[in-house]
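J.: My questions are about this predicted structure, shown below with the sequence.
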Amino acid sequence: MGEVAGERLVSILSPILLLVLWEGAGRFGLLDVRFFPPPTAIAQAFPTLLASGELWDDTLVSLGRIAIGFLIGAVPGLVLGLAMGLSRYLRAALNPMVGALYPIPKSAILPLLILVFGTGETSKYAIVASGVFFLVLLNTVAGVLSIEPVYLDVGRNFGAGRLQTFLTVALPGALPLVFTGIRLAWGTALILIVVGEIFVSRSGLGYLINNSYQTFQVEKMYAGLIVLSAIGYLSFLLLDELQRWLIPWRGARAV
């Protein structure tokens, strides 16, 4: 078995092993099934949720919000990160603001976003974008700064303009760390959309989880959590494959 095939097998088997251990702990009384129902009990909640369309609808709503918010945050973060990595003056001008704003927990600015954008979809896009932007930005800057200066010099010596330097030197050279930022940002987007939906939404997986908690439908609550976990897991597998395709000389490395 090759190294890549071995990695894929471990990635598939590790969640299955976790479910087996969870089921065994519940059945042998090691966990309180009122709060930690075994996977088989949770699985029984899925047919009802799927038949009613509730789970599908909430999942699609959350994915749509994540996708839009992610693009709003990632594209400017990537472009500005490339620019900051290439320009020491721009870096010097913006680093203080980035250093001041990045550490603020993005969930803490949700009240401000609601005040500015209201309780509609825009505030949910904004909270996702606020978390995604900084992670993509910082990793892109780090990626550009990790490029050997000789490559930038060679590009300039061959007459590459700013746009060509952006696209043919800075972006390819920064891609490994850009992907690290994208992986981190996607996970953060999942967290932030749930926070937003818990507080200011009547739809989405965050609302489903919170409503199930309030009505003590524990199996339904766990069903929502499992869907979130599955989205994260499948997304990371997809990003791994995309990274192997775009950066074959580096391979994929889990974060």
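T.: That came through fine.
J.: can you list the weak-confidence ranges in the stretch 51-200 of the chain?
T.: 150-164, 166-168 (pLDDT under 70).
J.: Which secondary structure element is home to the residue most central in space within the chain?
T.: Nearest to the centroid of the C-alpha atoms of the chain, with distances taken as Cα atoms, centre = their mean, sits Trp186, at 1.2 Å. Under the criterion DSSP states H and E, the helix or strand holding Trp186 is helix 171-200.
J.: now that helix: how far from the chain's centre is it?
T.: A distance of 3 Å separates the C-alpha centroid of helix 171-200 from that of its chain, computed with Cα atoms, centre = their mean, to the nearest Å.
J.: Tell me the buried residues in stretch 238-248?
T.: Judged by neighbour count (16 or more other Cβ atoms under 10 Å), stretch 238-248 contains these buried residues: Leu239, Asp240, Gln243. The C-beta positions use only the backbone N, C-alpha and C, and glycine is treated the same way.
J.: Please apply the same query to stretch 46-57.
T.: Neighbour count says stretch 46-57 has Leu49, Glu54, Leu55 buried, by 16+ other Cβ under 10 Å.
J.: Please report how far the residue nearest to the last one when sequence neighbours are not counted lies from Leu19.
T.: What that stands for is Leu55. Residue nearest to Leu55 in three dimensions, not counting chain neighbours: Leu49, with 3.8 Å by Cβ to Cβ, 6 or more residues apart in numbering. For Leu49, the distance to Leu19 equals 18 Å [Cβ to Cβ, to the nearest Å].
J.: Ok, Val169 next?
T.: Taken as Cβ to Cβ, the span from Val169 to Leu19 is 46 Å.
J.: same question, Ala223
T.: Going from Ala223 to Leu19 by Cβ to Cβ gives 14 Å.
J.: check which helix or strand covers Ile104.
T.: Secondary structure assignment for Ile104, by DSSP H and E: no helix or strand.
J.: Any idea how many residues pack against it?
T.: Residues contacting Ile104 under the criterion other Cβ atoms under 10 Å number 11.
J.: Show me the domain layout of the protein.
T.: 1-41, 44-246 (automatic domain parsing).
J.: for the ones you listed, which one ends up most surrounded?
T.: Neighbour counts averaged per stretch over the domains of the chain are highest for domain 44-246, at a mean of 18; criterion: mean count of other Cβ atoms under 10 Å.
J.: And that one, end to end?
T.: Distance between the boundary residues of domain 44-246 (Cα to Cα, to the nearest Å) amounts to 40 Å.
J.: what's Leu30 in contact with, if anything?
T.: Applying Cβ atoms under 8 Å, 6 or more residues apart in numbering to Leu30 gives the contacts Gly24.
J.: three-state assignment of it?
T.: For Leu30, the secondary-structure state derived from DSSP: H, G, I helix; E, B strand; the rest coil is coil.
J.: what's the pLDDT at it?
T.: Each residue has a pLDDT score; the one for Leu30 is 84.
J.: One more: Val20?
T.: Confidence per residue is given as pLDDT, and for Val20 that number is 91.
J.: now the helices: where do they sit in this protein?
T.: For the chain, applying DSSP state H gives helices covering 3-27, 39-43, 45-52, 54-86, 88-101, 110-117, 121-145, 149-157, 162-165, 171-200, 205-214, 218-246.
J.: hmm, who's touching stretch 234-254?
T.: Contacts with stretch 234-254, where a contact means Cβ under 8 Å, 6+ apart, come from Val4, Ser11, Leu175, Pro176, Phe179, Ile182, Arg183, Trp186.
J.: could you redo the last one with a cut-off of 7 Å?
T.: If you take Cβ atoms under 7 Å, 6 or more residues apart in numbering as the criterion, stretch 234-254 is touched by Ser11, Leu175, Pro176, Phe179, Ile182, Arg183, Trp186.
J.: which one of the residues you listed is nearest Tyr89?
T.: Within the contacts of stretch 234-254, the smallest distance to Tyr89 is 24.5 Å, found for Leu175 (Cβ to Cβ).
J.: For Ala83, see how far away Ile247 is.
T.: In this structure, Ile247 lies at 22 Å from Ala83, with Cβ to Cβ as the measure.
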